[in-house]
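# show me the folded form of this:
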Amino acid sequence: MILHEVEKFERSEIEKLQAEGLQYTVKTVYDKVPFYKNALDNAGINPDDIQTVEDVKKLPFTVKKDLRDHYPFGLFAVDRRSLSRVHASSGTSGKPTVVGYTENDISSWADLIARALTIAGGKPGDMLHNAYGYGLFTGGLGLHHGAERLKVNVVPVSGGNTDRQIQLIEDFEPELLSCTPSYAVNIAERMLELGKDPRKTSIKYGIFGAEPWSEEMRHRLEELLGIKACDIYGLSEIMGPGVAMECHEAQDGLHIADDHFIVEVINPDTLEPVPEGEFGELVFTSLKKEAFPILRYRTGDIASITTEKCKCGRTTTRMSRVKGRIDDMLIIRGVNVFPSEIEHHLISFTELVPHYQVHIHKDGNLDKVSLHVEIEEALFNSWGKQLDCEEAQTLIGKLQHTIKSYCLVSMDIVMKEPKSIPRSEGKAVRVVDHRINNKVFQK
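Reported below is the predicted structural model:
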């Protein structure tokens, strides 16, 4: 096992590095980003006031609306002509959020991805089958350049065309696979359809992220593909993938790059910090970025953190698997439910495949929620391809009872035929909300 130097530091050494990076970032944004200068002045904060890691809590928050309000380059700390690359979000709920990178930023990002791949089990000479999307999305290109930095061979296949992906995996024999977890399931299922055994490929490690996924999904992926499935975390506003990576040795939380970021966890309602180990909203401050430094960015992601040393030997802060997003949280008759919680219990039903959707309708003044699930094909055939049989009704009753018992909400269960729920070639659509302006809204 190879550890990066900072991954062995004592907490005092890490915090010293972070304090230096925080001072750099605050001074940079105060001098070069009018938005931040005004925010700091309004809060009565001078850059010289920031001396320790704890001082980060004095700083104002940044939210996605701030990025959209200053579209496209209003929050950049460098002139556009100094940029090496620009990425942007999809902008499905408004203007896209635009982020930029200098040449040094790209190099730092590549270093962090190389570190992440090492944490996940990759090594020089390996091959990475990269099925994350290329383009404005940071996933594909982010993993690509970092893998090259580690001297890993990259197959830049991007998403989609699953049969071709399978052929390339068989022919090129990569050790690493990167994509969303839902697409990895899609690849494995398609291999089974083609009469192939997904456990007999060359892949040893999966690097999965870009959507919340449960521990049960990890077990399903590892069983289907015969691999170690590790979680990767990042978002474009902070950098992209590589902000944190789960180690293949312990698979017990994602190691955050403490030398590049300060992480906090806050109560999203009160904005106050929550104790270590408790769930709340992740907040990140960058420490080394040149083009797009950012202060206390509210990610909307729900997770917890710990500074306990990992079994793998690393001492960096670890974050839990993302439980869900604030804007993905469903409030059903006063009860908060994340899709990942539904997935957690759904996957325990071996009669069903791990594809599902939650549909929300308006029924008078009340919300009506239905959970669409898909029956396993062999079982469907044994039922004579009928979903109104006694066995199907018994299974529906068991699933309803489980969801009610553990998620504390009642849902209608809609059992679907095999292959009838849309498969993901990127981020899976887990929630379909029919209430918004009487139109279908997917997230």
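
# so which helix or strand takes in residue 37?
Assigned by DSSP states H and E, residue 37 belongs to helix 34-42.

# what does residue 370 give?
Assessed by DSSP H and E, residue 370 sits inside strand 366-375.

# which parts of that strand are buried?
Neighbour counts using 16 or more other C-beta atoms under 10 Å place 367-369, 371-375 of strand 366-375 among the buried residues. Yep, even glycine has a C-beta here, placed from its N, CA and C like the rest.

# assumed residue 223 was part of a helix.
Yes: assignment of residue 223 by DSSP: H, G, I helix; E, B strand; the rest coil places it within a helix.

# count of neighbours near it?
Using other C-beta atoms under 10 Å, residue 223 has 13 neighbouring residues.

# now do the lengthiest helix in the chain: distance to the chain's middle.
What stands out as the longest helix in the chain, according to DSSP state H, is helix 11-32. Counting by C-alpha atoms, centre = their mean, to the nearest Å, helix 11-32 is centred 26 Å from the centre of its parent chain.

# so what secondary structure elements neighbour it?
Packing partners of helix 11-32 (3 or more C-beta pairs under 8 Å, 6 or more residues apart in numbering; DSSP states H and E): helix 34-42, strand 261-266, strand 280-286.

# who does the last one touch, helix- and strand-wise?
Just to be clear, that refers to strand 280-286. helix 11-32, strand 261-266, strand 297-303.

# and the longest one, by the same measure?
In this structure, helix 34-42 makes packing contacts with helix 11-32, judged by 3+ C-beta pairs under 8 Å, 6+ apart.

# what are the buried residues along the helix it packs on?
Result for helix 11-32 [16+ other C-beta under 10 Å]: buried residues 14-15, 17-19, 21-26, 28-30.

# how close does the residue nearest to the spatial centre of the chain get to residue 140?
Closest residue to the average C-alpha location of the chain: residue 210 at 3.6 Å, with C-alpha atoms, centre = their mean. Residue 210 sits 10 Å away from residue 140, going by C-beta to C-beta, to the nearest Å.

# any shared contact partners between the two?
Residues touching both residue 210 and residue 140 by C-beta atoms under 8 Å, 6 or more residues apart in numbering: residue 132.

# save the buried residues of strand 366-375 as CSV, and put in distance to residue 354 too.
Listed next are those as CSV, based on distance: C-beta to C-beta, whole Å:
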residue, distance to residue 354
367, 25
368, 24
369, 20
371, 13
372, 13
373, 10
374, 9
375, 12
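
# closest to residue 410 among those?
Set against residue 410, the nearest of the buried residues of strand 366-375 by C-beta to C-beta is residue 369 (7.9 Å).

# enumerate every residue touching the closest one.
330, 332, 358-361, 409-412.

# hang on, residue 218 packs against residue 225?
No: taking contacts as C-beta atoms under 8 Å, residue 218 lies outside contact range of residue 225: 11.0 Å.

# hmm, back to that, angle of the helix holding residue 37 against helix 11-32?
Orientation check (axes from the mean of the first three to the mean of the last three C-alpha atoms, to 10 degrees): helix 34-42 against helix 11-32 gives 110 degrees.

# quick one: residues in contact with helix 34-42.
26, 29-31, 46-47, 59-60, 66, 70, 74-75, 295.

# please save the CA atoms from it in PDB.
Only the C-alpha atoms of helix 34-42 are listed here, as PDB (Å, rounded to 0.1, in the frame of the first residue of the first chain):
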ATOM      1  CA  PRO A  34     -15.800  41.700  -6.000                       C
ATOM      2  CA  PHE A  35     -18.600  39.500  -4.800                       C
ATOM      3  CA  TYR A  36     -16.400  38.100  -2.000                       C
ATOM      4  CA  LYS A  37     -14.900  41.500  -1.200                       C
ATOM      5  CA  ASN A  38     -18.400  42.900  -0.600                       C
ATOM      6  CA  ALA A  39     -19.500  39.800   1.400                       C
ATOM      7  CA  LEU A  40     -16.400  40.000   3.600                       C
ATOM      8  CA  ASP A  41     -16.700  43.800   4.100                       C
ATOM      9  CA  ASN A  42     -20.400  43.400   5.000                       C
END
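
# residues of it that come out buried?
35-36, 39-40.

# after it, next one along is what?
As assigned by DSSP H and E, the chain's next helix or strand after helix 34-42 is helix 64-69.

# the strands in the stretch 301-443 of the chain, which residues?
Using DSSP state E, counting those that start in this stretch, the strands of the stretch 301-443 of the chain run over 305-306, 318-319, 324-325, 330-332, 335-337, 352-363, 366-375, 412-416, 431-433, 441-442.

# likewise the stretch 101-250 of the chain?
Taking DSSP E, counting those that start in this stretch, the strands of the stretch 101-250 of the chain run over residues 127-130, 153-155, 176-179, 205-208, 228-235, 240-246.

# distance from the last one to the middle of the chain?
On the basis of C-alpha atoms, centre = their mean, strand 240-246 sits 9 Å off its chain's mean C-alpha point.

# which one among the buried residues of helix 11-32 gets closest to residue 302?
Nearest to residue 302 among these is residue 18, at 23.2 Å by C-beta to C-beta.

# need the pLDDT of the residue nearest to the closest one when sequence neighbours are not counted.
What sits nearest to residue 18 in space, not counting adjacent residues and going by C-beta to C-beta, 6 or more residues apart in numbering, is residue 53, at 4.9 Å. You'll see residue 53 listed with a pLDDT of 98.

# and residue 53, how many neighbours?
Neighbours of residue 53 (other C-beta under 10 Å): 18.

# what about residue 305, distance to residue 317?
As for residue 305, its distance to residue 317 is 6 Å (criterion: C-beta to C-beta).

# with residue 198 instead?
Separation of residue 198 from residue 317 (C-beta to C-beta): 34 Å.
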